[in-house]
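**Q** Got a sequence here, can you build the structure:
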Amino acid sequence: MKTRKTHIWLMMAALTLVAAMSTAYADEDKNYPGTDGASPAHSAQPSSHAVARKAMRSADRTLSRGVRKAIAKGGGVDLTHLGVVARSGRVTLVGSVPENDQIALAAQRAQSVAGVTDVANRLSIDMPGGH
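**A** Next up, the predicted model:
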């Protein structure tokens, strides 16, 4: 049987993969006016939409790192099994922490970061023995 920790990490990996795939394939099979039907992936110059998406992904990664740093900076929260996913200002905390107090503390610190508009707290208590 898979342990709880393994299950959580697999869920995090799956979420990351789904997010990456949804943005990578969102533009397939569309006709792009002004480019003779060629998609941005096949044109010499990236479209403004592709550039904007890349900038958004970069901003999301920067926000995720900032939230993780803010949670770590104050101490008192074990980051070993804590993940941060950001998308357009919305932050999701995933994984587990060893104590209940750390769940609220992590969410509070995440909400205090500039650029965060909403925090979805999906943290759980890490049971001793990993189950």
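**Q** G76 touches Q102, doesn't it?
**A** Yes - here G76 reaches Q102: they are 6.8 Å apart, a contact under C-beta atoms under 8 Å. Any C-beta I mention is one placed from the backbone N, CA and C, and that applies to glycine too.
**Q** Neighbour count: those two, which is higher?
**A** Shown here are G76 and Q102; by other C-beta atoms under 10 Å, Q102 has more neighbours (20 against 13).
**Q** Helix, strand or coil: sort out the residue nearest to the more buried one when sequence neighbours are not counted for me.
**A** Computed as C-beta to C-beta, 6 or more residues apart in numbering, the closest residue to Q102 that is not its neighbour in sequence is V77, at 4.7 Å. Under DSSP: H, G, I helix; E, B strand; the rest coil, V77 falls in the coil class.
**Q** go on, N121?
**A** strand.
**Q** Beta-bridge partners for it, please?
**A** L93 (DSSP bridges).
**Q** Any idea how many residues pack against it?
**A** 16.
**Q** again with the one 5 residues further on
**A** The burial metric for D126, expressed as a neighbour count using other C-beta under 10 Å, is 21.
**Q** what about the closest residue to it other than its chain neighbours, which helix or strand?
**A** Once flanking residues are discounted, D126 sits nearest to S96: 3.9 Å by C-beta to C-beta, 6+ apart. Following DSSP states H and E, one finds S96 within strand 90-97.
**Q** Output the contacting helices and strands for that strand.
**A** When contacts are defined as 3 or more C-beta pairs under 8 Å, 6 or more residues apart in numbering; DSSP states H and E, strand 90-97 sits against helix 4-24, helix 48-73, strand 82-87, helix 100-111, strand 118-125.
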